[in-house]
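1. Make a model of this:
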Amino acid sequence: IETVEELLDFCWIYAEQLASCSLLCAAKLHALAVRTQRSASKLMEDEEVLVRLRWSLVLKPLLFKPLLQHAIALKVLPGKTMAGQVGMSHELGGLVRLVDLGSRERIFREMKASREELERAFTTAAAHVHATKPDTKEASIVEDSAVKYVESLPVDKKKLLLAELERDLDDAPPHLFPHIFMVFSLVTSAVISSAEGSELLMNAVEILLSVFDRRIHDPSSCLDALGLLLRLSLASHPLWQDNAPLYLNTVESLSETATIQVDPKVKWAARMALQQLLFECNVLLLHQNQANLRNVLLPSTMRLVSIRLGS
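-> Residues are numbered from 1 along each chain as shown. Alright, predicted model coming up:
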């Protein structure tokens, strides 16, 4: 273990076994911070450190709560300013606590099953993928609770909630990403179910589809994003017809990722997402944007679009 981030990851993985060793972990954290010349203020400016502390503190408090207290006492972390930077907002914390351990484990099993199904499709070089929706009473109970919770928030708080999740999805290490993405998926489901305006939904969809660009170092996160796109049938959602710029920008970004990225799994996931937006959307959307699509799609892809349009 050579860095602060590596130590925090180790502590996350073995949190249960290390619960009685929080002081030792804090001392090791202090030693690594000194060795790598990272002061308390520098650590508090590093989003990759902050996201680890933020979610570890909420999801594995038995180790991380005393660990942070010891780290403050050892002056590894600043006591006064840390709460605002490491702490979650009241709204996000409330949503995280809404999902009990049993529900969390069930959702993770569903995410894992979806990811494995997409892995198999990738391995067999599938040319297209289709949605498989979980149909369980437990799922509807959790999502209904999330919908009610999110709907109870003022619009400005909903926007802040999405911004907070966007920040953490960007900076999360691979082992933390699914935990944050699970909460994001509940918010997105809630926003889709909401009757009020499309601005929040546009924001959520932008965050979701930006995963294919921002998380190219973590192919599994791209599969999770593709899985949610499929499960929520977002490609056929009416929001696109009223938001041509968002549609075209998204298509262009996915086309670029599917073309220029090196990792084959990222390329495939981006191509599957792109094909959802082209071949599972309302055909009127393609008619409305046909001229602009010619400017952003590869000729081979545009030929397939033309076939769908019957031209």
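2. Domains in the protein, by residue range?
-> Domain segmentation of the chain under automatic domain parsing yields 4-87, 94-309.
3. Redo the ones you listed as a markdown table? Include mean neighbour count and mean pLDDT.
-> The way it works is simple: take the backbone N, C-alpha and C, and place the C-beta from them, glycine included. Compiled in a markdown table, these are given as follows (neighbours: other C-beta atoms under 10 Å; pLDDT from 0 to 100):
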| stretch | mean neighbour count | mean pLDDT |
| --- | --- | --- |
| domain 4-87 | 17 | 90 |
| domain 94-309 | 17 | 90 |
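4. just how off-centre is the top helix by length along the chain within its chain?
-> In the chain, assigned by DSSP state H, the helix with the most residues is helix 101-123. Mean-position distance between helix 101-123 and its chain equals 14 Å (C-alpha atoms, centre = their mean, to the nearest Å).
5. What is it packed up against?
-> helix 137-151, helix 177-193, helix 219-231, helix 264-279 (3 or more C-beta pairs under 8 Å, 6 or more residues apart in numbering; DSSP states H and E).
6. Residue 79 contacts residue 72, doesn't it?
-> Yes - assessed by C-beta atoms under 8 Å, residue 79 is found in contact with residue 72 at 4.4 Å.
7. Export the helix or strand hosting residue 95 to CSV, keeping only CA atoms.
-> Element membership for residue 95, per DSSP states H and E: helix 90-98. Output of helix 90-98 as CSV, limited to C-alpha atoms (Å, rounded to 0.1, in the frame of the first residue of the first chain):
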residue,chain,number,x,y,z
HIS,A,90,-29.1,16.0,4.2
GLU,A,91,-31.0,15.1,1.1
LEU,A,92,-28.5,12.6,-0.2
GLY,A,93,-27.9,11.1,3.2
GLY,A,94,-31.6,10.6,3.7
LEU,A,95,-32.0,8.8,0.4
VAL,A,96,-29.0,6.5,1.1
ARG,A,97,-30.5,5.6,4.5
LEU,A,98,-33.9,4.9,2.9
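8. how big is the angle separating it from helix 177-193?
-> Using axes from the mean of the first three to the mean of the last three C-alpha atoms, to 10 degrees, the direction of helix 90-98 lies 110 degrees away from that of helix 177-193.
9. Helix 90-98 packs against which elements?
-> helix 47-59, helix 137-151, helix 155-171, helix 177-193.
10. who's in contact with the residue nearest to residue 281 when sequence neighbours are not counted?
-> Once flanking residues are discounted, residue 281 sits nearest to residue 235: 5.2 Å by C-beta to C-beta, 6 or more residues apart in numbering. Shown in contact with residue 235 (C-beta atoms under 8 Å, 6 or more residues apart in numbering): 229, 276, 277, 280, 281.
11. contacting residues for the most centrally placed residue in the chain?
-> Geometric centre of the chain, nearest residue: residue 181, 3.7 Å, by C-alpha atoms, centre = their mean. By C-beta under 8 Å, 6+ apart, the contact set of residue 181 is 111, 169, 221, 224, 225, 228.
12. if I look at the second one, how far off is residue 222?
-> It stands for residue 169. Distance of residue 169 to residue 222, computed by C-beta to C-beta, to the nearest Å: 12 Å.
13. joint contacts of those two?
-> What both residue 169 and residue 222 touch, as defined by C-beta under 8 Å, 6+ apart, is the set 211, 215.
14. Quick check: residue 263 touching residue 216?
-> Yes - taking C-beta under 8 Å as the definition, residue 263 is a contact partner of residue 216 at 6.5 Å.
15. So which residues of the stretch 201-311 of the chain form helices?
-> 219-231, 244-260, 264-279, 283-296, 299-309 (DSSP state H, counting those that start in this stretch).
16. With distance to residue 98 as extra columns, can I get the ones you listed in CSV?
-> Shown next, in CSV, are these (distance: least, C-beta to C-beta, whole Å):
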stretch, distance to residue 98
helix 219-231, 19
helix 244-260, 29
helix 264-279, 29
helix 283-296, 35
helix 299-309, 41
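17. Which one, of those helices, ends up nearest to residue 211?
-> helix 219-231 (3.9 Å; C-beta to C-beta).
18. Also compute the angle for that closest one relative to helix 101-123, please.
-> Going by the same axes, to 10 degrees, helix 219-231 makes 100 degrees with helix 101-123.
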